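S.K.: coords below, sequence missing:
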């Protein structure tokens, strides 16, 4: 059996870099899409972050079983932790897209029906639009 140092030497640098870049792109697109869904659905506070955590875990599980064939150390240097970690950039991208779509869908909904000021009281409004 080979030692962990010998296993690390078997990793080919350009392939590890390509795999890490591919995983980063998948996680980035997933976090942006999740932010858009959370914004359009009008999720606020912890519900949006719970959706983000759920989709991060779902994306990680899908990568683990389908793309990495249940052996992440063979494809990525960090192993399973590298797959599950959403990263600071993806978290901030999620928040940015979430607030963008939350504000856009609220303004479009309220502007389209002419209820920015006044209007029927049974329509759910954003907390900052009233």
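M.R.: Yep, that arrived. Keep in mind that what you see is a predicted model, and the values were worked out from it rather than measured.

S.K.: what's the closest non-adjacent residue to residue 99?
M.R.: In space, and not counting its chain neighbours, residue 99 is closest to residue 39: 7.0 Å by Cβ to Cβ, 6 or more residues apart in numbering. Using the backbone N, CA and C atoms, a C-beta is placed for each residue, glycine as well.

S.K.: that neighbour reaches residue 98, doesn't it?
M.R.: Yes - counting by Cβ atoms under 8 Å, residue 98 is a contact partner of residue 39 at 4.8 Å.

S.K.: which of the two has more neighbours?
M.R.: residue 98 (25 against 21; other Cβ atoms under 10 Å).

S.K.: pLDDT score for the more buried one?
M.R.: pLDDT, residue 98: 93.

S.K.: that one: which element?
M.R.: Element membership of residue 98, judged by DSSP states H and E, is helix 88-112.

S.K.: which strands and helices sit next to that helix?
M.R.: Applying 3 or more Cβ pairs under 8 Å, 6 or more residues apart in numbering; DSSP states H and E, one finds that helix 88-112 contacts helix 13-41, helix 46-62.

S.K.: so that helix versus helix 13-41, what angle?
M.R.: Orientation of helix 88-112 against helix 13-41 (axes from the mean of the first three to the mean of the last three Cα atoms, to 10 degrees) gives an angle of 30 degrees.
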